[in-house]
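Participant: what shape does this take:
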Amino acid sequence: MKTNIYYFSSTGNSLSVARDIAKGLDEAHVVPIHKVMKYELDMSADAIGIVFPVYMWGLPLIVVEFLKKFQNITGKYIFAAATYGGFPAYTLQQAADQLKGQGTKLDLGAAIRMPGNYTPMYGAKPKKTQEAYFKKEKEKVKGIVELIKLKKSGPIDKNPLLVNALFSGLLYNFGIKTVSKADSQYYADQKCDGCGICAKVCPVSNIRMENNKPVWLHNCQHCLACLQWCPAEAVQCGKSTVKRKRYHHPDVKLADFIN
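Facilitator: Numbers count the residues shown, from 1 in each chain. Here you go, the predicted model:
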């Protein structure tokens, strides 16, 4: 069975999950979403997967746009996996609802907890905590892979109704409107040496180097790739990130994100 797995990732959690799912399948290809946004999808695969992080208890903007490519698709097994640090709320059902409105069914929606990476609120978790999350991720992926192999429909993971209504409803709908200009809080401090890695890892080319300093262009996904991958830890988001420990998945490398 041929499977195409499309992923959106900034610090490697979703990329690692996509790779782990692919390893369990016979013929699977892992493709970054931002690389195919301008092109038609390859529909030759028997199964199509989408792997992405939960942002503000909902879908990242780039994933919302990507899902618009799935118009009236039939005869394909379609699955999604959402990585989250706190809780997934209604995110996967949001994806299922969008696809249903486009004439396409989401057969499986699995939420997978991973180490959080939202540095404006907290620093990286201790290594032992991260390793515990990674172990549970491997176990959950095994179950996901078995469902995919059998093309079985499964549950769409979500939280209780009131949680979904508050977080994926009220807070997401308010917060997601501010994301594209979230980069107004970003800056490079005195440690910046002009290496340009922040611009190279940005999945939407939202950073331009001017006089060896990054300039953000207000088309942000607020994915924090620029902050997390800066080797000098010079990229900041507000005042709170200066002393907080950065995070990226230990099994991914900078080269995986260089555009």
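Participant: quick check: which element contains the residue nearest to Gly49 when sequence neighbours are not counted?
Facilitator: Nearest residue to Gly49, sequence neighbours excluded (CB to CB, 6 or more residues apart in numbering): Ile5, at 4.0 Å. C-betas here are computed from N, CA, C, even on glycine. Following DSSP states H and E, one finds Ile5 within strand 2-7.
Participant: quick one, what contacts Tyr187?
Facilitator: Shown in contact with Tyr187 (CB atoms under 8 Å, 6 or more residues apart in numbering): 235-236.
Participant: what's the local residue count around Thr74?
Facilitator: 7 (other CB atoms under 10 Å).
Participant: show me what contacts it?
Facilitator: Contacts for Thr74 were tallied using CB under 8 Å, 6+ apart; they are 103-104.
Participant: between the two ends of stretch 183-200, how far is it?
Facilitator: 16 Å (CA to CA, to the nearest Å).
Participant: can you give me the buried ones in it?
Facilitator: Neighbour counts over stretch 183-200 (16 or more other CB atoms under 10 Å) mark 183, 185-188, 192, 197-200 as buried.
Participant: do stretch 220-231 as well
Facilitator: 220-230.
Participant: for stretch 161-168, same thing?
Facilitator: For stretch 161-168, a neighbour-count test (16+ other CB under 10 Å) marks 163-164, 167-168 as buried.
Participant: kindly report the same for stretch 233-250.
Facilitator: 233-237, 241, 244, 246-249.
Participant: pop the domain breakdown of this protein in here.
Facilitator: For the chain, automatic domain parsing gives the domain ranges 2-173, 177-256.
Participant: export these to JSON lines and tack on mean pLDDT?
Facilitator: Listed next are the domains of the chain as JSON lines, based on pLDDT from 0 to 100:
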{"stretch": "domain 2-173", "mean pLDDT": "96"}
{"stretch": "domain 177-256", "mean pLDDT": "97"}
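Participant: chain center to stretch 109-118: distance?
Facilitator: 9 Å (CA atoms, centre = their mean, to the nearest Å).
Participant: convert the C-alpha atoms of that stretch to PDB, please.
Facilitator: What follows is stretch 109-118, C-alpha atoms only, in PDB (Å, rounded to 0.1, in the frame of the first residue of the first chain):
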ATOM      1  CA  GLY A 109      -7.700  11.300  13.800                       C
ATOM      2  CA  ALA A 110      -5.100  10.600  16.500                       C
ATOM      3  CA  ALA A 111      -3.800  13.000  19.100                       C
ATOM      4  CA  ILE A 112      -0.200  12.400  20.300                       C
ATOM      5  CA  ARG A 113       1.300  14.200  23.300                       C
ATOM      6  CA  MET A 114       4.800  15.500  22.800                       C
ATOM      7  CA  PRO A 115       7.100  17.900  24.700                       C
ATOM      8  CA  GLY A 116       5.700  21.400  24.400                       C
ATOM      9  CA  ASN A 117       7.700  24.000  22.600                       C
ATOM     10  CA  TYR A 118       5.900  27.300  23.200                       C
END
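Participant: most remote residue from the protein's center?
Facilitator: In terms of distance from the mean C-alpha position of the chain, Asn211 ranks first, at 30.9 Å (CA atoms, centre = their mean).
Participant: ramachandran angles for that one?
Facilitator: Backbone torsions of Asn211, given as degrees, to the nearest 10, read phi 50, psi 40.
Participant: okay, it and Glu65: tell me how far apart.
Facilitator: Here the criterion is CB to CB, to the nearest Å. By it, Asn211 lies 32 Å from Glu65.
Participant: ok, Asn117 next?
Facilitator: For Asn117 relative to Glu65 (CB to CB), the value is 22 Å.
Participant: likewise for Thr74?
Facilitator: In terms of CB to CB, Thr74 sits 22 Å off from Glu65.
Participant: tell me, how many neighbours does Val145 end up with?
Facilitator: Residues near Val145, counting by other CB under 10 Å: 17.
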